[in-house]
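Engineer: my questions are about this predicted structure, shown below with the sequence.
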Amino acid sequence: MAVTIKSQREIDLMRQAGKILAYVHEELAKYIKPGISTHELDMIARDLIKSKDCIPSFLGYEGYPASVCLSLNDEVVHGIPRKDVLLLEGDIISVDCGVIYKGYQSDAARTYGVGKITPEAQKLIDVTKESFFVGIKEAVKGNHINDISGAIEDYCHSFGYSLVEDLTGHGIGTEMHEDPQIPNFRQRRQGIKILPGMTFAIEPMVNIGGPEVAWCDDEWTVVTEDGSLSAHYENTILITDGEPEILSLL
Ligand code: MF3
Ligand code: CO
């Protein structure tokens, strides 16, 4: 599939989808406390999304059963909310959510600490978020996808962390996953040239240990093979004539 350049009308709708998703994340974050179940968080997210006249894009996507992915500790992404999984003090949790507003998608993830967490866990969360901002400095017209990928990799490697290679960022628009793929590590190919009007979801997934991941028996949850902690940070962005615009932040 070709990479799409969004029209002004489409950009306006993606901006609205992004703002709503940013609001959902901010509201949901208030409930991240010891004792709440991941299922309860999913119900809150679903209600928040529906209250803003949006569709939860994850629900039913390739059979995914919830409106958010909630991934704890050594879970990298795509953790399925459960009634019997309660947040514990010291956990880290990645919250990944997507909405569709009038046919246009936004996708974003944040990682939080539950109560008091170790300095090592906080550092991983901080560096993962920072690597997104380092990466999008390269998301400017005339650069190539690999400039984003290489910048994210170099930044995380400078802290001794590794990048998950089996999952990537992606284009986004009327579909959650559009071309191009946006890996979080350097490729041999430079990738497509970046142009104004493109919209991307950039999402570093960063492990304290090795880059290898495994899939759980539920066929969704991705975990680190060595059991090390993993963090995730993602926003939907718009390429412009100047700096990229982050659509999924308030
Ligand atoms: N945010 C994820 C991504 O970027 C999508 C979650 S998978 C789903 O690929 F099935 F839950 F939708
Ligand atoms: Co995504």
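Structural biologist: The structure has been received and is ready for your questions. Numbering: from 1, shown residues only. Ligands and ions are numbered 1, 2, ... in the order given.
Engineer: I'd like the average pLDDT over the lengthiest helix in the chain.
Structural biologist: In the chain, ranked by residue count with DSSP state H as the criterion, the top helix is helix 8-29. Averaging pLDDT along helix 8-29 gives 98.
Engineer: then stretch 158-169?
Structural biologist: The pLDDT scores in stretch 158-169 average 98.
Engineer: touching ligand 2 at all, it?
Structural biologist: No. Using Cβ under 5 Å from the ion, stretch 158-169 stays clear of ligand 2, with a minimum separation of 6.3 Å. Every residue, glycine included, has its C-beta placed from N, CA and C.
Engineer: now the element after the longest helix of the chain, going C-ward?
Structural biologist: Using DSSP states H and E, the next helix or strand after helix 8-29 towards the C-terminus is helix 38-51.
Engineer: near ligand 1, which residues of this structure?
Structural biologist: With the criterion set to Cβ under 6 Å from any ligand atom, the chain comes near ligand 1 through Phe58, Tyr61, Glu62, Tyr64, Cys69, His78, Asp96, Gly98, Asp107, Ala201, Glu203.
Engineer: for the third one, phi and psi?
Structural biologist: The one in question is Glu62. Backbone geometry at Glu62, expressed as degrees, to the nearest 10, gives phi 50, psi 30.
Engineer: quick one: it and ligand 2, what's the gap?
Structural biologist: Computed with Cβ to the ion, to the nearest Å, the distance linking Glu62 and ligand 2 is 13 Å.
Engineer: dump the residue contacts of that residue.
Structural biologist: Glu62 is in contact with no residue at all, counting by Cβ atoms under 8 Å, 6 or more residues apart in numbering.
Engineer: try Ile237
Structural biologist: When contacts are counted by Cβ under 8 Å, 6+ apart, Ile237 touches Ile136, Ala139, Thr199, Phe200, Ala201, Ile202, Pro244, Glu245, Ile246, Leu247.
Engineer: would you check which pair of these lies furthest apart?
Structural biologist: Across those, no pair lies farther apart than Ala201 and Glu245, at 13.6 Å, counting by Cβ to Cβ.
Engineer: give me the more crowded residue out of these two.
Structural biologist: More neighbours surround Ala201 than the other of Ala201 and Glu245, with 25 against 18 (other Cβ atoms under 10 Å).
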